[in-house]
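Visitor: sequence and predicted structure below; questions after.
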Amino acid sequence: MTVTNENTADREVRRTHDTTIRYTVSGPDTGPKLVLIHGWGCDRTDFDAITRALPPHCRVVAVDLAEHGESRSARDVWTMEEFAEDVAAVLAAESVRDCVVVGHSLGGAVAVEVGRRLPGTVSQVAALDALHYLGLFPTQDPRDSDAFVRAFREDFAGATRGMVEGGSPKGTDPALKDAYFAKMVAVRQPAGIRSIEGLVHWDMDAALAGTAPPVTVFAVRSILAQEAVDRYGDRIRIVPVDLGSHHFHVESPEGTAELLAGLLPG
């Protein structure tokens, strides 16, 4: 364990298959708890500015998923369910009994799975620009999902660039898009492609049906499609936001912190 100040520490928990999950805890352990899960190809440092902007009485747990950031794993299973087990192991190690779980992008799917597995622990699930992309999250026709993954296998950099562009509204700073691309394209393999495959095969409808805690999606307004609202609006609370691109939590940490603080009890 590496302690960085009185109320912040970097820790790790170990699982099977040489899996070590690194995470950071911040704030007093008596405060309301937020668990933060990054998106594909990203890491827990994406939440550093948000953590600083949250009310000081909050307890924040920011997790690096397996083979992202400082976490390592030699396993063969790269599903949303297995990522959720990583997060559940962190919550067990920290003796968390009540929390709000927040996930960005792929991390939103993981957050739903954590809520499904731990209904007595997770009071709410929040997704940061996740779940509403109908070409990515709901289970696809096998031909479509195979074509999506094949694009990454054949031209990983090109497919990654396309993903960044797809999450960037008109007017997004090109330097930001380049920074996101550089970070995501460097994701370690085979976890990078395998976790994309796990996401497009994830059964979101079944997961939502089995998740007891309420689910809120903070979606980029200019990207959110009415079709997604029509399809999922009766199952999840969809809140359009105008804070930036798909990575708005990085671009607007204060605004994102305000949204998350509004989910906390009391």
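Guide: Great, that's in hand. Fair warning: this is a prediction, and the values are worked out from it, not measured in the lab.
Visitor: distance of residue 262 from residue 148?
Guide: For residue 262, the distance to residue 148 (Cβ to Cβ, to the nearest Å) stands at 34 Å. The C-beta positions use only the backbone N, C-alpha and C, and glycine is treated the same way.
Visitor: these two: who's more crowded?
Guide: Neighbour count, other Cβ atoms under 10 Å: between residue 262 and residue 148, residue 148 has more, with 17 against 10.
Visitor: apart from its neighbours in sequence, what residue is nearest the more buried one?
Guide: Distances taken as Cβ to Cβ, 6 or more residues apart in numbering place residue 200 nearest to residue 148, at 5.4 Å, with adjacent residues excluded.
Visitor: ok, that neighbour - how many residues close by?
Guide: With other Cβ under 10 Å as criterion, residue 200 counts 19.
Visitor: then the one 3 residues further on?
Guide: Per other Cβ under 10 Å, the neighbour tally for residue 203 reads 13.
Visitor: what are the phi and psi angles of the residue nearest to residue 148?
Guide: Backbone torsions of residue 200, given as degrees, to the nearest 10, read phi -70, psi -20.
Visitor: contacts only, for the nearest residue to residue 225 once chain neighbours are set aside.
Guide: In space, residue 225 comes closest to residue 134 once its chain neighbours are excluded; the distance is 6.9 Å by Cβ to Cβ, 6+ apart. Residues touching residue 134, when contacts are defined by Cβ atoms under 8 Å, 6 or more residues apart in numbering, comprise 225, 227, 228, 231.
Visitor: tell me the pLDDT at residue 134?
Guide: What the model reports for residue 134 is a pLDDT of 93.
Visitor: check residue 5 too.
Guide: At residue 5 the predicted local confidence, pLDDT, stands at 39.
Visitor: name the SS class of the residue nearest to residue 225, please.
Guide: The three-state label for residue 134, taken from DSSP: H, G, I helix; E, B strand; the rest coil, comes out as coil.
Visitor: go on, residue 114?
Guide: Following three-state DSSP, we place residue 114 in the helix state.
Visitor: thought residue 86 was touching it, still the case?
Guide: No: judged on Cβ atoms under 8 Å, residue 114 makes no contact with residue 86 at a distance of 9.4 Å.
Visitor: all helices of the chain, in order?
Guide: 48-53, 80-93, 106-117, 142-154, 156-166, 174-185, 191-200, 204-209, 226-232, 248-251, 253-261 (DSSP state H).
Visitor: pull out the buried positions in the fourth one.
Guide: What it means is helix 142-154. Neighbour-count burial for helix 142-154 flags 145, 148, 149, 151, 152 (criterion: 16 or more other Cβ atoms under 10 Å).
Visitor: next one: the shortest one
Guide: Of the residues in helix 248-251, 248, 249, 250, 251 count as buried by neighbour count, 16+ other Cβ under 10 Å.
Visitor: and the residue nearest the centre of the chain, how far is that from residue 57?
Guide: Here the mean C-alpha position of the chain is nearest to the C-alpha of residue 107 (Cα atoms, centre = their mean), at a distance of 2.0 Å. Distance from residue 107 to residue 57, counting by Cβ to Cβ: 24 Å.
Visitor: give the contact list for residue 75.
Guide: Applying Cβ under 8 Å, 6+ apart as the definition, the contact partners of residue 75 turn out to be 16, 17, 18, 19, 66, 82.
Visitor: just the pLDDT for the fourth one.
Guide: Note for residue 19: predicted pLDDT of 97.
Visitor: now it, which residues is it bridged with?
Guide: Counting by DSSP bridges, residue 19 forms beta bridges with residue 15.
Visitor: ok, the one 5 residues further on next?
Guide: In this entry, residue 24 is beta-bridged to residue 10, residue 62, by DSSP bridges.
Visitor: what pLDDT does the model give it?
Guide: According to the model's per-residue confidence, residue 24 sits at a pLDDT of 98.
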